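S.K.: Coordinates for the following, if possible.
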Amino acid sequence: MPGLDRKHVRGGLFICGLILLAAGLTAAGWYRFPVRSPDTDRSALPPTATARPRPLPPPRPDDYVGSQACQTCHGEIAAAYARHPMGRSIRPVGPEDAVGPAATTAVHDRERTYSIEMAADGTVLHHEQVTGEDEQPLYDQAVPVAYALGSGRRGRAYLIEADGRLYQSPLGWYSQRRCWDLSPGYRATRSVRFSREIDASCLYCHAGRLAPVRDQMLTGTPFQELAIGCERCHGPGGEHVRLMQRLEPQERAEDLAIVNPVRLDPARREAVCNQCHLSGKAVIPRYGRGFFDFRPGDLLSDSLVVLDDTDRAADTRAVSQVEQMRSSQCFQRSDGSLGCISCHDPHSTPTPLEAAAFYRARCLTCHGAEDCGLPLRPTTSQKTLRGFGGCPAGRMVACIRRTPTRQAGGASVMITRVAAGPSTELQRADKAALFLCRTPLP
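M.R.: Numbering: from 1, shown residues only. All right, here's what the predicted structure looks like:
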């Protein structure tokens with residue numbers, strides 16, 4: 001147009017284009033989402049999909065009676081189990097948890113000092129104290145501890161009960177070092193102090209049964225049964241006890257209401273042990289389930305999802321007992337029939353003097369005394385042979401490896417595991433003897 005340069009023409013066309021685009025979008029929106037008056041007949045509108053909550057799974061059997069109900073008929077087993085580490089997995093604190101005066105048990109962490117005191121009324125107190133440059137205390141927080149967590153074989157952690165919740169004390173006992181020190185993780189997370197909360201994910205492998213939880217708080221006493229008891233492996237015993245009480249003194253009856261893990265198929269049998277001894281990288285309850293919802297006779301996957309890490313299986317320093325067993329030739333060549341109770345008695349543990357003969361007898365239930373084709377190591381001492389049960393020709397020293405490793409908190413743990421495959425010393429043996437034994441397992 002005369003009098004207008006190209007720049008103005010382009011600008012005008014651009015503005016017109018924007019106006020047309022806005023009008024088109026407005027018309028499209030009006031068409032797709034028309035504004036309806038309050039008098040619009042809602043019944044004529046298309047139905048709107050509503051999200052429905054997923055139904056919860058049915059509750060688990062809960063007819064528990066407690067381990068004390070088993071002692072009447074199973075007194076000998078109950079007495080032996082009371083000495084087992086599982087039977088001593090947690091207990092109330094006592095005088096044995098305040099070893100020596102506070103000055104001899106002091107643990108220093110930079111400016112903080114932690115110590116233990118036995119009060120006049122028998123309460124065990126854990127102290128956190130900070131002193132100034134003049135060595136006078138700036139503050140001294142004393143917290144009563146209520147429970148000792150752990151059998152003491154490796155150590156113990158200590159729990160504080162406050163306002164319906166449980167917390168971990170920064171102080172722990174390390175049995176092998178025979179000393180007090182900070183609990184694992186406390187040096188890296190110093191702000192936690194006495195506020196590290198302990199919930200079911202921490203306790204389901206250390207306690208028998210927790211009290212009901214309401215509004216994320218425990219109701220009444222924290223535990224319905226303190227230590228791991230009979231019903232964690234045999235299932236709720238209410239129906240079983242009532243049946244036995246109806247029988248005459250000399251009358252016997254087979255009761256299928258109680259679970260005997262020996263009678264289960266391998267997957268369900270191993271699930272009884274794996275509920276605690278298969279740690280994996282993480283354990284997550286299924287939808288609608290909690291950590292204490294596994295029942296003997298179930299598959300573990302019915303209640304819990306264990307995120308396993310197969311890459312860790314060959315690492316003797318980091319994996320759980322179950323992962324070690326699964327990596328062994330004994331397990332792999334047994335078609336799954338080998339399990340925890342093939343080598344371990346869940347009701348009792350052999351004494352140090354009994355251990356060699358006990359585990360040798362367990363090995364010989366599958367392996368003949370002369371099955372092993374491994375040669376005797378020339379450097380094997382008689383003391384080593386005795387330590388491995390006097391295995392013929394001392395060959396067990398090549399089949400079973402004892403590996404010292406250091407875990408969280410500096411606790412040294414001796415891991416005993418069946419060899420996963422040919423080691424260097426096995427490779428030096430005759431090639432025909434690279435496996436644990438020549439005779440296939442039954």
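
S.K.: Distance of Pro58 relative to Pro296?
M.R.: Plainly put, Pro58 is 17 Å away from Pro296 if you go by C-beta to C-beta, to the nearest Å. (Glycine included, C-beta is placed from N, CA and C.)

S.K.: Kindly report the same for Ala120.
M.R.: Distance, Ala120 to Pro296, by C-beta to C-beta: 45 Å.

S.K.: Between the two, tell me which one has more neighbours.
M.R.: Per other C-beta atoms under 10 Å, whichever of Ala120 and Pro296 has more neighbours is Pro296, with 20 against 5.

S.K.: That one: what's it in contact with?
M.R.: Arg232, Cys233, His234, Gly235, Val259, Pro261, Leu264, Ala271, Val272 (C-beta atoms under 8 Å, 6 or more residues apart in numbering).

S.K.: cutoff 6 Å now
M.R.: Contact partners of Pro296, counting by C-beta atoms under 6 Å, 6 or more residues apart in numbering, are Cys233, His234, Gly235, Val259, Val272.

S.K.: Which single one of the residues you listed is nearest to Tyr174?
M.R.: Using C-beta to C-beta, Cys233 is the member of those that sits closest to Tyr174, with 28.6 Å.

S.K.: returning to that earlier point: among the contacts of Pro296, which one is most surrounded by other residues?
M.R.: Highest count within the contacts of Pro296 by other C-beta under 10 Å belongs to Val272, 26 neighbours.

S.K.: hang on, isn't it packed against Cys233?
M.R.: Yes. Using C-beta atoms under 6 Å, Val272 makes contact with Cys233 at a distance of 5.3 Å.

S.K.: Can you name the helix or strand that Ala355 falls in?
M.R.: Using DSSP states H and E, Ala355 maps to helix 352-364.

S.K.: Just the buried residues of that helix, please?
M.R.: Using 16 or more other C-beta atoms under 10 Å as the test for burial, helix 352-364 gives Ala356, Phe358, Tyr359, Arg360, Arg362, Cys363.

S.K.: do you know how far the fourth one is from Glu354?
M.R.: When distance is defined by C-beta to C-beta, Arg360 is 11 Å away from Glu354.

S.K.: need the contacts of Pro296 in CSV with pLDDT, distance to Thr105 and secondary structure, can you?
M.R.: Listed next are the contacts of Pro296 as CSV, based on pLDDT from 0 to 100; distance: C-beta to C-beta, whole Å; DSSP: H, G, I helix; E, B strand; the rest coil:
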residue, pLDDT, distance to Thr105, secondary structure
Cys233, 96, 36, helix
His234, 96, 40, helix
Gly235, 96, 42, coil
Val259, 95, 44, coil
Val272, 96, 39, helix
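
S.K.: Tabulate the buried residues of helix 352-364 (CSV), appending distance to Phe291 and pLDDT.
M.R.: Shown next, in CSV, are the buried residues of helix 352-364 (distance: C-beta to C-beta, whole Å; pLDDT from 0 to 100):
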residue, distance to Phe291, pLDDT
Ala356, 37, 83
Phe358, 32, 88
Tyr359, 31, 86
Arg360, 37, 84
Arg362, 31, 87
Cys363, 34, 85
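
S.K.: Can you tell me which of these is closest to Pro53?
M.R.: Nearest to Pro53 among these, counting by C-beta to C-beta, is Arg362 at 50.0 Å.

S.K.: Now that closest one: closest residue in space, sequence neighbours ignored.
M.R.: Spatial nearest neighbour of Arg362, excluding adjacent residues (C-beta to C-beta, 6 or more residues apart in numbering): Cys343 at 4.8 Å.

S.K.: tell me the domain boundaries of the protein?
M.R.: 90-226, 260-308, 315-442 (automatic domain parsing).

S.K.: Kindly check the end-to-end length of the longest one for me.
M.R.: Length of domain 90-226, first residue to last, C-alpha to C-alpha, to the nearest Å: 6 Å.

S.K.: I'd like the average pLDDT over it.
M.R.: Average pLDDT, domain 90-226: 86.

S.K.: who's in contact with Pro144?
M.R.: Thr123, Leu125.

S.K.: ok, what's across the strand from it?
M.R.: Leu125 (DSSP bridges).

S.K.: Pull up the gap between it and Asp97, please.
M.R.: 11 Å.

S.K.: So for the two, which residues contact both of them?
M.R.: Taking C-beta under 6 Å, 6+ apart as the criterion, Pro144 and Asp97 do not both touch any residue.

S.K.: now for the one helix or strand Ile284 maps to, which elements pack on it?
M.R.: For Ile284, the host element (DSSP H and E) is strand 282-285. Judged by 3 or more C-beta pairs under 6 Å, 6 or more residues apart in numbering; DSSP states H and E, strand 282-285 is in contact with strand 304-307.

S.K.: Pull the contacting residues for Val65.
M.R.: So Val65 contacts Gly237, Gly238, Val241 (C-beta under 6 Å, 6+ apart).

S.K.: Just to be sure, it is in a helix?
M.R.: No. Applying DSSP: H, G, I helix; E, B strand; the rest coil, one finds Val65 to be coil, outside a helix.

S.K.: where does Ile284 land on pLDDT?
M.R.: According to the model, Ile284 carries a pLDDT of 94.

S.K.: For the helix holding Ala355, C-alpha coordinates in CSV please.
M.R.: Provided in CSV are the C-alpha atoms of helix 352-364 (Å, rounded to 0.1, in the frame of the first residue of the first chain):
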residue,chain,number,x,y,z
PRO,A,352,31.7,-75.3,71.0
LEU,A,353,32.7,-78.8,72.1
GLU,A,354,29.8,-80.4,70.2
ALA,A,355,29.9,-78.3,67.1
ALA,A,356,32.5,-80.2,65.1
ALA,A,357,30.8,-83.6,65.5
PHE,A,358,27.3,-82.1,65.0
TYR,A,359,28.0,-80.4,61.7
ARG,A,360,30.1,-83.4,60.4
ALA,A,361,27.1,-85.6,61.1
ARG,A,362,24.9,-83.2,59.1
CYS,A,363,27.3,-83.3,56.2
LEU,A,364,27.3,-87.1,56.2
